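**Student:** Test case, fold it:
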Amino acid sequence: MHSRWVFGAAVPLAWVAACASNSTGFGPGGPSGGEDAGSDDAGSGIVFPSDDGSAVQLNLSDADMQGGANSSLCKGGLYQGTFAGNYSSSLTLVGIPLTVTGNVELTLHQEGSGQQTCTLEGETTKCSDLFALQDGTISGVANGNDSGGGFPYFCTMTGTLNCAKGVLVGGWIDCTYCLGSLNDGGMSCSMGGTGGGKGGGMQTGTGGQFGGPLTANYNTSTLSFVNGTWNGSEALVGTGVWYGPDGGPDGAPVGDFLSDSGYGLGMCMLANCGQTLYGGSGTWGATSK
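**Tutor:** As a prediction, this is how the structure comes out:
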């Protein structure tokens, strides 16, 4: 999908403060998505791996060999929606905040049947109530318009929907933006400079990268992700290293590299207040199609 974001003119943010504070709302996430459910032997446990190193544990019984109900108040399949917020880039003067809007697309995959039991964040629930967020993307152009220009942007999204609780667990975004065009796959740049990319080979163009938590509730009446938030920091991406919900650089808590008060303009990381914190935060949502 090659949608476009439109970034407006720089606008001051009411929440810009002297130094970044640790956000209580954007701490390390829980386990996220997995593969198709299956079993080798009755009573065995199957672990679904995910990009952030966490997992959903599936426990099977003899009854599962006969099949099971897949009913759920949530719905698998394609979802589309929007993304908005503010971003302060390390490529702009002191990270003046820019307005962000964009497009979201993702697929929900049901982890198993209603007669299978899965464990997520240490809690047991029906596998039919867990949905892996797969092929999630956010795309657009930063500080651009319908005529082009600006920084092309691309993000991947991961996480697991707990339908029983109506909440996205372990949500995360990994994003790349470029001065030139994006390479195929979206996670690296195609012109000038050097660096490391995720899933797109070497980053050959000048640009920036960031990652951070993604949260949302789920409305079973409208089959939609609602009250969604995102918070991403360039400090959560190193040279060829992408961090995730389980921890940031040197194993420090993810929250040490995030701000709930804004980025740029003298904001600094709790882990190193002498270093400017670049990144952004905002809202998102998506509805079943």
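
**Student:** How confident was the prediction at T194?
**Tutor:** The predicted structure scores T194 at 39 on the pLDDT scale.

**Student:** same thing with M267?
**Tutor:** Model confidence at M267, given as pLDDT, is 83.

**Student:** Now the phi/psi pair for it, please.
**Tutor:** When read as degrees, to the nearest 10, the backbone of M267 gives phi -60, psi 150.

**Student:** Run a quick neighbour tally on it.
**Tutor:** Neighbour count for M267, taken as other Cβ atoms under 10 Å: 24. Placement of C-beta: from N, CA and C, glycine included.

**Student:** okay but it is in contact with Q275, surely?
**Tutor:** No: counting by Cβ atoms under 8 Å, M267 does not reach Q275; the two are 9.9 Å apart.

**Student:** For S89, which residues are in contact?
**Tutor:** Contacts for S89 (Cβ atoms under 8 Å, 6 or more residues apart in numbering) come out as 95, 98, 142, 151, 177, 208, 264, 278.

**Student:** wait, A84
**Tutor:** With contacts taken as Cβ under 8 Å, 6+ apart, A84 has the following neighbours: 100-102, 282-284.

**Student:** Go again with 10 Å.
**Tutor:** Each residue near A84 by Cβ atoms under 10 Å, 6 or more residues apart in numbering is listed here: 5, 99-102, 228, 230, 282-285.

**Student:** from those, which is closest to C163?
**Tutor:** When the contacts of A84 are ranked by distance to C163 (Cβ to Cβ), G228 comes first, at 15.8 Å.

**Student:** low-confidence ranges in the chain?
**Tutor:** Flagging of the chain using pLDDT under 70 yields the residue ranges 1-70, 93, 143-150, 191-205, 274.

**Student:** Any idea how many residues pack against the residue lying closest to M269 once chain neighbours are set aside?
**Tutor:** The spatially closest residue to M269, leaving aside those adjacent along the chain, is L277, at 5.0 Å (Cβ to Cβ, 6 or more residues apart in numbering). The number of residues packed around L277, counting by other Cβ under 10 Å, is 28.

**Student:** and L277, what does it touch?
**Tutor:** L277 is in contact with 19-20, 88, 90, 95, 233-235, 257-259, 261-271, counting by Cβ under 10 Å, 6+ apart.

**Student:** before we move on, what about G264?
**Tutor:** 13, 16, 86-90, 92-98, 276-280.

**Student:** now do C175
**Tutor:** With contact taken as Cβ under 10 Å, 6+ apart, C175 is in contact with 87, 138-139, 142, 153-157, 186-187, 198, 208-212, 230, 232, 234, 237, 279-280.

**Student:** Can you name the helix or strand that it falls in?
**Tutor:** strand 167-178 (DSSP states H and E).

**Student:** Dump the C-alpha coordinates for that strand into CSV.
**Tutor:** As requested, the backbone C-alpha atoms of strand 167-178 are provided in CSV (Å, rounded to 0.1, in the frame of the first residue of the first chain):
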residue,chain,number,x,y,z
VAL,A,167,-7.5,-4.3,24.3
LEU,A,168,-4.4,-4.5,22.1
VAL,A,169,-1.5,-6.1,23.9
GLY,A,170,2.2,-5.7,23.2
GLY,A,171,1.5,-3.2,20.3
TRP,A,172,4.6,-1.8,18.7
ILE,A,173,5.6,0.3,15.6
ASP,A,174,8.9,0.5,13.8
CYS,A,175,9.2,3.4,11.3
THR,A,176,11.5,4.8,8.7
TYR,A,177,11.5,8.3,7.0
CYS,A,178,13.7,9.5,4.2
